[in-house]
Structure formats: C-alpha cells, structure tokens
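Q: Any chance you can model this:
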Amino acid sequence: MKDINVTMLLIALGLSFLALPLGCPSKLMFKEPLNNVTVKVGQDAVFHCVVKDLGGHRVAWNEVESKAILAIHTHVVTSDSRVKVSHDRALEIWTLKIRNVSLEDSGSYMCQLNTNPMRSQKAYLNVVIPPTLRSREIPEESVVSEGGPAELRCMAEGIPRPDIIWTREDGGPIVIRRDSSVQKFENFIGDTLHMPRVTRWDMGNYICTAKNGVEPTPRERITLHVRFPPLVRAPDPLIRVIPGGSFSAHCQVESFPASLNYWLDPEGKTVNNHGNRIRTSQEFEPPFKTTFSLSIENVTRADFGTYHCVSNNGQSKEVKSPITVEAWRGENGSGSPPDSHTHPLIYTHVQI
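A: Numbering: from 1, shown residues only. Got it, this is the predicted structure:
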C-alpha cells in the first residue's frame, strides 16, 4: 500500500500516538486474538482487534513487512482509499477494513497499542485466486493406437497452486497398465495422466478438474480415442431354416474408427436391400461396438450357402466372419428348425 508522510499527518491531526504514556492500566488487555483472514481477490478483508479498558491509549494499524502505518485510532493515515477503520465503543472492537483486495495486499497486519512497553497483535491476510484452466492448451480429443501409450495433460493457475484431478466421465476406473503391474484409480492427481499401454476399454471422456480450495472449480473434458482393427463375432455361425421361411443373421463388430460393414452372399457378391424380402441394417453402441444384421424372408434354395459379414476401418485388411444357412428338413422331411442360439459364439479375424 502507498503511504504518505506520517509525521506531518500526525502533527496536523494533533495525535499523540508516538508519545507513549508511562505504564499502562492493569486491566488493559486484548480480549481476543487477532485472527488470520483469507479472502479471494476482489473481496473485502476485515480485521477485528478487541481491546479491554483502553483508557487514554490509542490503537494503530500497521503493515508489518513494509512498516507502513495505515491508521491511528479512528483516523486513516495511508493514502490508500480502500482502507477504512471504525470503532464499536460498546463492544470495544477496533476494525480495519481493506476493500477490493489485490494479491499485493497479502501479508501480516498489526493491531498496536501505545502502551509502555508497546503491546501488539499480528495476523496474516491470505489473498487467494480461484483456479483457472489454460483451456487453449487443452486439446478436445486425443487419438492413439491400441497397445501404445496415451498422455493427457491439463494445466491450471491459481493461488494456492491448484491440483489437477482426473476422473472418467462414465464413472469407471482409470487404468494404468505397465509391463509388470496394473493399477486402477477412481481419480488420479497430477497435471499429466500418462497411460503406458492403452486398450479399447480405455476409450471415452476424461475430466480434469482444478482444485485449490477456492470456488469455483473449473473442469475440462478430453475425449480419448483408441484406434484398432475390426474384431468380428458371429453369435450364430450356423442357421437352419425351412424353405419358404425366414431368418436373421447377425454379426457383432468392435472397431475404431467406425468400420464399413457389409454382407457377401454365397457367390461372393455384395448383398443389397431388395424390397421387404432382403434387408440389411446396423445398430451402433458407443464407443466402438456395432451389430449389423441380414434378414431374408420367403427363403428359396438359392438363398442357402455361406454368407460373410465383412468389416474394414482402414487399420488392417478386411476382416470377415462366415455364417452358413442350411435347409432344415427335420425327421422324415418335416419339423421346425432348432434354436440357433445353441450354437457356439465364434470370434473371427479372417482377413481377405
């Protein structure tokens, strides 16, 4: 804080703070300690000095580090217009108020009595700044390859220095895989989240939150994408159907980026929709699963054979899985087709 010529002001005010009375009343005492104050930048800081039986003595407020006198009794000495003092005679409280504090106001303040010897109390003004994230330095997404490392970073500023806390938006654990260990964290503390070896299951939104005990606490989202070639699963690799009946074949694909999926018929030709009799469809389940289906009604002999569901996302050659459709005749040429779900699940990485 800026100060003015204190000596000249004291003369002008006719104050006698520097003339210390000999001795002091036996009952004069500080009734309460001078408490430390913590406020955010821009708020007001208030110190209360409670003195019993002050008598003819006076109270002064000082900045300890600069040794600047801020106020004497009810008179403000400093030229800083933000400083105010007041006195509650009934409660014997002397108050120093600093409006709209800045970081430079941090430090020790003293409530001083002109007794002989001098009596004083000190307290600390801690000016804090809420955390802010350096949003321009935080990417919205990161794309890495499966099996390789991933590194997400958030930088923050504030006083005291903020901690960066990482969580997954879906509530799942953060998994750190190393050569000899796997660790799981509900939250991870540090500017940088380093994952030495990622899998597709690490894909998703990660939240970094800056905290230093001062509100508000800002957050940023970083989306982690993990590239990997398609994995095709055929839940029912063998389907038996009565001629004239209908069937649905399904393939499940895991892939990122999203793959191009299609069906090949027994002659190796791409299957296209044909009215209501032949239909293809697919359903995406974030972040990397897709189920695509082939449905055929009014089955004829030409529809029997081995179909292939094919997937390609540019991370490898095309991957396909076979599904065989056979005629079901039953015993003596009659009966209903069995429940196809009794067939084992096939995981396929056949490349063509």
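Q: didn't Pro257 look like it was pressed against Thr290?
A: No - between Pro257 and Thr290 no contact is recorded; they are 11.5 Å apart, counting by C-beta atoms under 8 Å. Heads up, the C-betas are built off the backbone N, CA and C, glycines and all.
Q: Looking at the two, which one has more neighbours?
A: Counted by other C-beta atoms under 10 Å, Pro257 and Thr290 do not tie: Thr290 has more neighbours, with 20 against 12.
Q: any idea of the pLDDT on the residue lying closest to that one once chain neighbours are set aside?
A: Counting by C-beta to C-beta, 6 or more residues apart in numbering, Thr290 lies nearest to Val253, which is 4.7 Å off, once chain neighbours are set aside. pLDDT for Val253: 97.
Q: And for Arg240, the neighbour number?
A: Neighbours of Arg240 under the rule other C-beta under 10 Å: 19.
Q: swap in Phe188?
A: Neighbours around Phe188, by other C-beta under 10 Å: 22.
Q: repeat for the one 3 residues further on
A: Applying the criterion other C-beta under 10 Å, we find 15 residues in the vicinity of Asp191.
Q: quick revisit: just to confirm, which helix or strand has the residue nearest to Thr290 in it?
A: Assigned by DSSP states H and E, Val253 belongs to strand 247-256.
Q: Report the distance from the helix or strand following that strand to the chain centre.
A: Sequence order places strand 260-264 as the next helix or strand after strand 247-256, per DSSP H and E. Relative to its chain's centre, strand 260-264 lies at 39 Å (C-alpha atoms, centre = their mean, to the nearest Å).
Q: List the buried residues in strand 260-264.
A: Neighbour counts over strand 260-264 (16 or more other C-beta atoms under 10 Å) mark 261-264 as buried.
Q: Sketch out the low-pLDDT regions of the stretch 151-300 of the chain for me.
A: Counting by pLDDT under 70, the stretch 151-300 of the chain contains no low-confidence range.
Q: Compute the number of surrounding residues for Val41.
A: Using other C-beta under 10 Å, the number of residues around Val41 comes to 16.
Q: pretty sure Pro229 contacts Ser255?
A: Yes - contact criterion C-beta under 8 Å: Pro229 and Ser255 qualify, at 7.2 Å.
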